[in-house]
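S.K.: The following comprises the amino acid sequence and a computationally predicted model.
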Amino acid sequence: MKKLKLKKRSKAFFYQGAKDIAKNILGDYLTFKTKKQTLIGKIVETEAYLGISDDASHSFGGKITPRNKTLYGQGGVIYIYLIYGKYWCFNIVVSKKNDPQAVFIRAIEPIRGIEVMKKRRGVEKEEKLTNGPGRWTQSFLIDKSFLGKEITSKDIFISSPEDKDFNIVKTKRVGVDYATKSKNLLLRFYIKNNLFVSKK
DNA sequence: CTCACGATTAGA
DNA sequence: CTAATCGTGAGA
């Protein structure tokens, strides 16, 4: 078996726009280390949120609230929020300061720490551990304590393999029908035929 | 202070 | 298909 070579994504990588980053981090590995264990997942599904011009985005129109103010900082930090009173949604703030774009990580493929994930999720089926934005954060035990943390940290970071070989599917974003102008933009990206992409 | 609702999920 | 569940944001 060939050894997988991974290169850590730099802070400057996250200064690009959301659309490019959402596509480019597909197939990348998300690593999350604690004292007890290391969890790793491959990013298989993302969405881009374009910020001020995007009426599906939390920062549409330049709105600033206590919850979303992290979006207005320099790219490369984590934006987390609670949805439906239960599930943590994990985003990476991208672009430059005062350009509040974000990349939403909707699904990953579990690579390492699968037993821990099964225990936390209370399910045995591997395909159901991480195939949705609220599911994978539950597997990784990610919550509001990660808000504003650098995605280039020692204990949580993204790295890219040298070679990637898959096709990317583009679709409309999920669950943004409340948006009128932007709801049909093709800003959701996922790895074609990957088993861990969220619901049909 | 009140209150409607969500970048979702589990379960019938 | 519907209910769950609670922090958040808008408005009184």
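M.R.: Sure thing, it's come through.

S.K.: Which stretches in chain A count as helices?
M.R.: For chain A, applying DSSP state H gives helices covering A:18-24, A:114-121, A:133-140.

S.K.: from memory A:Glu126 sits against A:Pro110, does it?
M.R.: Yes: judged on C-beta atoms under 8 Å, A:Glu126 makes contact with A:Pro110 at a distance of 6.4 Å. (Each C-beta comes from the backbone N, C-alpha and C, glycine too.)

S.K.: Same drill for those two, tell me which one is more crowded.
M.R.: A:Pro110 (22 against 15; other C-beta atoms under 10 Å).

S.K.: Any idea what the more buried one is bridged to?
M.R.: Here A:Pro110 sits in beta bridges with A:Gly41, as judged by DSSP bridges.

S.K.: these two touch, right, it and A:Leu129?
M.R.: Yes: contact criterion C-beta under 8 Å: A:Pro110 and A:Leu129 qualify, at 5.2 Å.

S.K.: residues touching the residue nearest the centre of chain A, list them.
M.R.: The residue lying closest to the centre of chain A (C-alpha atoms, centre = their mean) is A:Ile105, at 2.0 Å. A:Ile105 is in contact with A:30, A:43, A:45-46, A:90-92, A:133, A:136, counting by C-beta atoms under 8 Å, 6 or more residues apart in numbering.
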